[in-house]
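A.B. asks: Need the 3D shape of this:
(one chain, ligands or ions: 2)
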Amino acid sequence: MKPNEITQRDIDNWSRCTPTTQLCRPTTCAAEPAPRDSFDLREARQLFDTLAAKSRLADLGEQSSALAHELRQPLFSISVANENLRMMLGRSDMTRSQLDKAITRIAEQVERAQTIIDRTLAYASGRDMGVVSADVAVAANNAVEFLRPLFETADIEIDVGGARMSAAVGLCQVEAEQIFVNILRNAAESIEARREAGWEGSGRIAICIMKKGDILQCVVSDNGAGVSCEVATAVFEPFFTTKPRVGTGLGLHICRQALQKVGGEVRLLAGKREGARVEIELPLSLGS
Ligand SMILES: Nc1ncnc2c1ncn2[C@@H]1O[C@H](COP(=O)(O)OP(=O)(O)OP(=O)(O)O)[C@@H](O)[C@H]1O
Ligand SMILES: [Mg+2]
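C.D. replies: Ligands and ions are numbered 1, 2, ... in the order given. Model (predicted):
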């Protein structure tokens, strides 16, 4: 069940606890005394039904925006892989295995998009997804691979520390990858913004994954344009963006929601010397 969903039990409890006098509307028709309790209770139920429907619609609206936002990455990867495949087909020196690899990359991203849709629909219908587990280092490396064409075009170096560590957490693998995709994309966009302002240095992003007792810590730092304290405190609100042309302001909100669901947290801070850093903490799965 979703956190803000109104259930039949809420309606029944509310009806039981609310004094009848509060439920009754003043009536001027003395000749026709309405069976006030049952009439007003029915009205109260209708009101709650309407509110419940509105709350579901609002929830669905947020889910649809999040779905559209998260489908951008697999669609981007599919279009890049498709373009590569088209170029390969025009060359005579391509081997069968190279072509197979490109086709497999497209199939993987289609499957990933399908999983994102399935999870959203399961959430919308209140279906339980069962116990899930993700390896954070694998998720970080996969996200880097998905965005590799973006980093290459923007000439950004990327370093993953702790890449071989095995660290399981209670997210599903696609969700963990989505978190890194959003954070890495932001870091790349910030480096681009710094360059647009005249900076000519080389762009760098570093991911560092560590275990501290039963907590997993992960820091993604960049040498982009940086972030002010005011902006840093607002960035997790839905639709907050400082990128009027390209941003929707949903990336970090989606990350925080996914992490809080499993008892995790995420912060955006100014970098120690330059740029910005995103710090993530979340509980490790038992035995990890
Ligand atoms: N690495 C970063 N460096 C500087 N500012 C950042 C960084 N990451 C996030 N921000 C700030 O946080 C804001 C919110 O980020 P968020 O990912 O939620 O939305 P967005 O990137 O603006 O749009 P989108 O929904 O397309 O991701 C950004 O607009 C930016 O101001
Ligand atoms: Mg973003």
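A.B. asks: for Gly126, helix, strand, or coil?
C.D. replies: coil (DSSP: H, G, I helix; E, B strand; the rest coil).
A.B. asks: Likewise for Asn84?
C.D. replies: helix.
A.B. asks: what's it in contact with, if anything?
C.D. replies: When contacts are counted by C-beta atoms under 8 Å, 6 or more residues apart in numbering, Asn84 touches Ala102. For glycine as for every other residue, the C-beta is placed from the backbone atoms N, C-alpha and C.
A.B. asks: and it, what pLDDT?
C.D. replies: On the pLDDT scale, Asn84 is placed at 91.
A.B. asks: how near is it to ligand 1?
C.D. replies: Counting by C-beta to the nearest ligand atom, to the nearest Å, the gap from Asn84 to ligand 1 is 25 Å.
A.B. asks: Leu99 versus that residue, what's the distance?
C.D. replies: The span separating Asn84 from Leu99 equals 10 Å under the rule C-beta to C-beta, to the nearest Å.
A.B. asks: before we move on, what about Lys212?
C.D. replies: Look at Lys212 and Leu99: by C-beta to C-beta, they are 45 Å apart.
A.B. asks: Compare the two (neighbour count), which wins?
C.D. replies: The residue with more neighbours, out of Lys212 and Leu99, is Leu99; 13 against 9, by other C-beta atoms under 10 Å.
A.B. asks: buried residues in whichever strand or helix holds Ala102?
C.D. replies: Assignment of secondary structure by DSSP states H and E places Ala102 within helix 96-124. By neighbour count with 16 or more other C-beta atoms under 10 Å, helix 96-124 contains the buried residues 102, 105-106, 108-109, 112-113, 115-116, 119-120, 123.
A.B. asks: Is Met210 located within a strand, as I assumed?
C.D. replies: Yes. Judged by three-state DSSP, Met210 forms part of a strand.
A.B. asks: I'd guessed it sits against Gly162; true?
C.D. replies: Yes. If you go by C-beta atoms under 8 Å, Met210 and Gly162 touch, sitting 6.2 Å apart.
A.B. asks: The helix or strand just after the helix holding Ala102: how far from the chain's middle?
C.D. replies: Using DSSP H and E, the helix or strand that directly follows helix 96-124 along the chain is strand 134-135. Shown here is strand 134-135, whose average C-alpha point lies 16 Å from the average C-alpha point of the whole chain (C-alpha atoms, centre = their mean, to the nearest Å).
A.B. asks: For strand 134-135, name the packing helices and strands.
C.D. replies: Using 3 or more C-beta pairs under 8 Å, 6 or more residues apart in numbering; DSSP states H and E as the contact definition, the elements that strand 134-135 packs against are strand 168-169, helix 173-196.
A.B. asks: hmm, the longest one touching ligand 1?
C.D. replies: Meaning helix 173-196. Yes. Contact of helix 173-196 with ligand 1 is found when judged by C-beta under 6 Å from any ligand atom, involving 182, 186-187, 190.
A.B. asks: Let's see if you can find the most crowded of those residues.
C.D. replies: Of these, Ala187 is surrounded by the most neighbours, 28 neighbours in total, counting by other C-beta under 10 Å.
A.B. asks: dump the residue contacts of the residue nearest the centre of the chain.
C.D. replies: Central residue of the chain (C-alpha atoms, centre = their mean): Ile254, 2.8 Å from the mean position. If you count contacts by C-beta under 8 Å, 6+ apart, Ile254 has them with 66, 69-70, 178, 182.
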